[in-house]
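Enquirer: Let's see this in three dimensions:
(2 chains)
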There are 2 protein chains.
Amino acid sequence: MTKARRGIYAAAITPFNKDGSVNVTKLIGYCRHLLGEGGCDGVAPTGTTGEGCSISMRDRLALPSAFAEAGIETDRVIFGTGAPSSGDNVELTRSAVEAGYWNVLVLPPYYYKSPSDDGLFAYYANLVDKIAHDDLRIYLYHFPQMSAVPLSPALVTRLREAFGPIIAGLKDSSGDFEQSRAIVDATGGVAEGFDVYPSSEAMLWDGLSIGTAGIISGSTNAFAARVQTALHAPEGATRDRAMDSVKAARTTATKYPMVAAMKQIEAWRSGDDSWTRQAPPLVPLSDAQCAALKADLEGIGAPVPS
Amino acid sequence: MTKARRGIYAAAITPFNKDGSVNVTKLIGYCRHLLGEGGCDGVAPTGTTGEGCSISMRDRLALPSAFAEAGIETDRVIFGTGAPSSGDNVELTRSAVEAGYWNVLVLPPYYYKSPSDDGLFAYYANLVDKIAHDDLRIYLYHFPQMSAVPLSPALVTRLREAFGPIIAGLKDSSGDFEQSRAIVDATGGVAEGFDVYPSSEAMLWDGLSIGTAGIISGSTNAFAARVQTALHAPEGATRDRAMDSVKAARTTATKYPMVAAMKQIEAWRSGDDSWTRQAPPLVPLSDAQCAALKADLEGIGAPVPS
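Expert: Residues are numbered from 1 along each chain as shown, chains lettered A, B, ... in the order given. Model prediction:
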C-alpha cells in the first residue's frame, strides 16, 4: 500500500529565508506540528497555499529527501509536483518517489490556456511513462481560478481508464461542490478507490456523504483541530455545533488573502515573524488586515496573541 | 552597448528530441537561418512560440552557453527567462548573462492570478538585485491572454523609474495596438530608450510611427523576409503592396494554432518532420489543418512543399 491515507490535509505554508530560499528545517518542524497537535491526518506541501510554484526547482527537488531523513511518514504526505514543463514535473516527481513519497499532487501545465484534452492527457501520460512504476499515485489538481486550466470529468475518466490506480484521486479547489460531485459520479469516488478532496473543510460532511476522501485545505493550516473535533463528534447537536465552528473559521480565513493570513496566524502562534515572508508575487497582510484578522480570530474563539 | 539591436525578431520555435529534450544543435542551426535568409534582425528563443515555459529548467539553463559557443551575436538574441518562481527566473537570467546575452524577456510570475503591483514589482526587483549588473536589459513581457497576469502602464513606469535603462523595453503580445500606444506614451518609447515590440508584423508601420522598436512575432518564423521587404520598400504603392503581403501572411498564420503552424511550415521547408513535435500541452496540426494550411500558403504565394 503506497497510497496516502485519507482524511484531513493541510496544504502546508512554506517558510522562506531572507534570500528567498526555503527554510527546510522550519518547514519540517511545522509539518510535524500539523501532523500532531495541529490536527492533520496528512500534509500537502508545495501546493498553492505552500507557494509551491514560487519555489525554485533547486529547493523543490531537495524537499522530499529532507522529509524522509526527518522521518515524516510517507503515507501522510502528498507533494505538489506540477510545473508548466513536463520535464520539470518528472524531475520533481522523481525526487519525491525516490525519497519514498509516492503520492503527488499534479497541476496541469498552466502556461498555455485552453489546451486540448489530448495535450493535457499527454502531459500526465508522460509522467506515468517516465516514472514507470506501479506504486506511483497521482492526484490531479483542479484549480481553474488559479491554473486557468480546468480538468474535465471526461479527461479524468480517460486518465483513470488508461492508468488505473496510478490516477489515485483529485484535489478539487474549484470551491464548487457540484464539480466535486461530478468527479465522484464519473469515477465512483472512494468506493472505487478514487480519492476526491474538496478544498474547503466547510464541505466536510457533505463531501464524505457522497464519497469524497477528506479535505485538502489551506485554512486547515490554522483550523484542522476544529475539523477533527467535528469529524469525531457524535451525530446530532454536538456535531452540528462543531461544524458551525469549522464553517465560521473557514469564513474568517476566506476574508483575507489565504496564504498571507495563514502565514500571519503561524507567525503569531510560533512567535516567529519570519513566517510572514512570501515569495513574489504574493505579499504579506497589511497592518490593517492584521488588526482585522486578529479581531476576527477573537470573534470565533481562536487563539490570538496577547 | 549591451542592448539588443532594434528590428524584426522571430519568437523562435524549438525543436524537440523524441524524449522531450531540446535539440540544441538544430535550434542553433535554425536561429542561424532566421538571422540569415529567414530575414530576422534578431531572435527571441524560449518565448511563447518557442514553448519556453514547457522546456525543462535543465535544458533552458544550457541554451545560452550553446548559443555563445556557436557564435550567435549577443545583440541579436533576447532570451525568454520568465518563470513562476523568482528563484528560477534568476537562475535562467544568470545563465544568459554569463554567456554574454544581457537581453532577457521576462514574463510576470504567472501562477497566482490578480497579484498586486507591489508583488509584481518585487518579482522584477528581485531579478535586478540578484543579477546586480548595470548591463542587464529586461524586456517586460505583457501577454494577458496567456499569462493571465497583465502589466499595467503604471507598473512599467514604476519599474523604469526605479531601475532606469535596465528596464529596457516591453513585448506587447496583447494584440491590442492601443495598449502598445499606452506603453509608448507612458515611457516615451524609443525616443527615451524604451523599446516596445508589438507581437504582430501587421502593426509594423503603425508601431514605428508612434515610437515602437520593431516587432517580436511568432509568425515571423515563416514570414520575416516579407517584413524586411516591406520595411525597405520605397514609400507609396510599392510599400503598400508589400505591407498587404505581410498582412495576408499574418492573417493566414493566425487561422491556426500559431506554434503548431510555424513548426509545420518549418518541417516542410527543411524536409525534417521531427520539427512538428511539441511539448505537452501543445499538439501538432491535424491532417486536415495541414491540408488547409498548405492551400492557404499557396493562396498567399508562400513556398510550399510539392
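Enquirer: do stretch A:274-281 and chain B meet at all?
Expert: Yes - judged by Cβ under 8 Å from any Cβ of the partner chain, stretch A:274-281 comes into contact with chain B at A:A279, A:P280, A:P281. C-beta coordinates here come from the backbone N, C-alpha and C atoms, glycine included.
Enquirer: and stretch A:136-155, how far apart are its ends?
Expert: 19 Å (Cα to Cα, to the nearest Å).
Enquirer: Just checking that stretch against chain B, any contact.
Expert: Yes - using Cβ under 8 Å from any Cβ, we find that stretch A:136-155 touches chain B at A:Q145, A:M146, A:S147, A:A148, A:V149.
Enquirer: My guess is the second one contacts B:Y112. True?
Expert: When you say that, I think you mean A:M146. Yes - A:M146 lies in contact with B:Y112 (Cβ atoms under 8 Å); the separation is 6.7 Å.
Enquirer: The two: who's more crowded?
Expert: Comparing A:M146 with B:Y112 by other Cβ atoms under 10 Å in any protein chain shown, the one with more neighbours is B:Y112, at 23 against 17.
Enquirer: For that one, give me its contacts.
Expert: Contacts for B:Y112 were tallied using Cβ atoms under 8 Å, 6 or more residues apart in numbering or on different chains; they are A:C53, A:S54, A:M146, A:P281, A:L282, B:G119, B:V149.
Enquirer: For it, grab phi and psi.
Expert: phi -80, psi 130 (degrees, to the nearest 10).
Enquirer: Distance check, it against B:M57.
Expert: B:Y112 sits 20 Å away from B:M57, taking Cβ to Cβ, to the nearest Å as the criterion.
Enquirer: repeat for A:I216
Expert: 26 Å.
Enquirer: The two: which is more packed in?
Expert: Between A:I216 and B:M57, A:I216 has the larger neighbour count (other Cβ under 10 Å), namely 31 against 22.
Enquirer: which SSE is that one in?
Expert: Secondary structure from DSSP states H and E places A:I216 in strand A:214-217.
Enquirer: what do you get for A:R60?
Expert: Short version, using DSSP H and E: A:R60 is in helix A:57-69.
Enquirer: A:L34 now?
Expert: Counting by DSSP H and E, A:L34 is part of helix A:24-35.
Enquirer: Now do the next helix or strand after that helix: which elements does it pack against?
Expert: The helix or strand immediately downstream of helix A:24-35 is strand A:42-43, counting by DSSP H and E. For strand A:42-43, the elements it packs on are strand A:7-10, helix A:24-35, judged by 3 or more Cβ pairs under 8 Å, 6 or more residues apart in numbering or on different chains; DSSP states H and E.
Enquirer: still on that earlier bit, tell me the one of the contacts of B:Y112 nearest A:R32?
Expert: Lowest distance from A:R32 to the contacts of B:Y112 (Cβ to Cβ) belongs to A:S54, with 23.1 Å.
Enquirer: got the contact list for A:K3?
Expert: If you count contacts by Cβ under 8 Å, 6+ apart, A:K3 has them with A:D75, A:W102, A:N103, A:R137, A:P165, A:A168, A:D195.
Enquirer: Could you say which of the helices and strands packed on strand A:42-43 is packed most deeply?
Expert: A comparison of these by mean neighbour count, using mean count of other Cβ atoms under 10 Å in any protein chain shown, puts strand A:7-10 on top with a mean of 27.
Enquirer: Can you name the residues of the stretch 51-200 of chain A that neighbour chain B?
Expert: Counting by Cβ under 8 Å from any Cβ, the stretch 51-200 of chain A sits next to chain B at A:53-59, A:84-88, A:91, A:108-113, A:115-116, A:118-120, A:122-123, A:126, A:145-149.
Enquirer: switch to 6 Å and redo it
Expert: Residues of the stretch 51-200 of chain A lying near chain B by Cβ under 6 Å from any Cβ of the partner chain: A:53-57, A:84-88, A:109, A:111-113, A:115-116, A:118-120, A:122-123, A:146, A:148.
Enquirer: repeat for the stretch 201-306 of chain A
Expert: So the stretch 201-306 of chain A meets chain B at A:P280, A:P281, A:L282, A:V283 (Cβ under 6 Å from any Cβ).
Enquirer: What's the separation between A:V156 and A:G169?
Expert: Distance from A:V156 to A:G169, counting by Cβ to Cβ: 10 Å.
Enquirer: And these two? Which one has more around it.
Expert: A:G169 (30 against 22).
Enquirer: Tell me how far the residue nearest to that one when sequence neighbours are not counted lies from A:E178.
Expert: Spatially, and ignoring its direct neighbours in sequence, A:G169 is nearest to A:D195 (3.2 Å; Cβ to Cβ, 6 or more residues apart in numbering or on different chains). Distance of A:D195 to A:E178, computed by Cβ to Cβ: 19 Å.
Enquirer: Just give me the closest of the residues of stretch A:274-281 next to chain B to B:G189.
Expert: Among the residues of stretch A:274-281 next to chain B, A:P281 lies closest to B:G189 (Cβ to Cβ), at 26.8 Å.
Enquirer: ok so, going back, please name every helix or strand in contact with the helix holding A:L34.
Expert: Using 3 or more Cβ pairs under 6 Å, 6 or more residues apart in numbering or on different chains; DSSP states H and E as the contact test, no helix or strand touches helix A:24-35.
Enquirer: ok, residues contacting that helix?
Expert: Outside helix A:24-35, the residues that touch it by Cβ atoms under 6 Å, 6 or more residues apart in numbering or on different chains are A:A10, A:A12, A:T14, A:P15, A:C40, A:V43, A:A66, A:A70.
Enquirer: My read is that A:I167 contacts A:R158, right?
Expert: No - judged on Cβ atoms under 6 Å, A:I167 makes no contact with A:R158 at a distance of 9.5 Å.
Enquirer: Who has more neighbours out of those two?
Expert: Neighbour totals were compared for A:I167 and A:R158, and A:I167 leads with 25 against 18 (other Cβ under 10 Å).
Enquirer: how close does that one sit to chain B?
Expert: As judged by Cβ to the nearest Cβ, to the nearest Å, A:I167 and chain B stand 16 Å apart.
Enquirer: Report pLDDT for the closest residue to A:S152 other than its chain neighbours.
Expert: Of all residues not flanking A:S152 in the chain, A:D117 sits nearest, at 6.7 Å (Cβ to Cβ, 6+ apart). Here, the pLDDT recorded for A:D117 equals 98.
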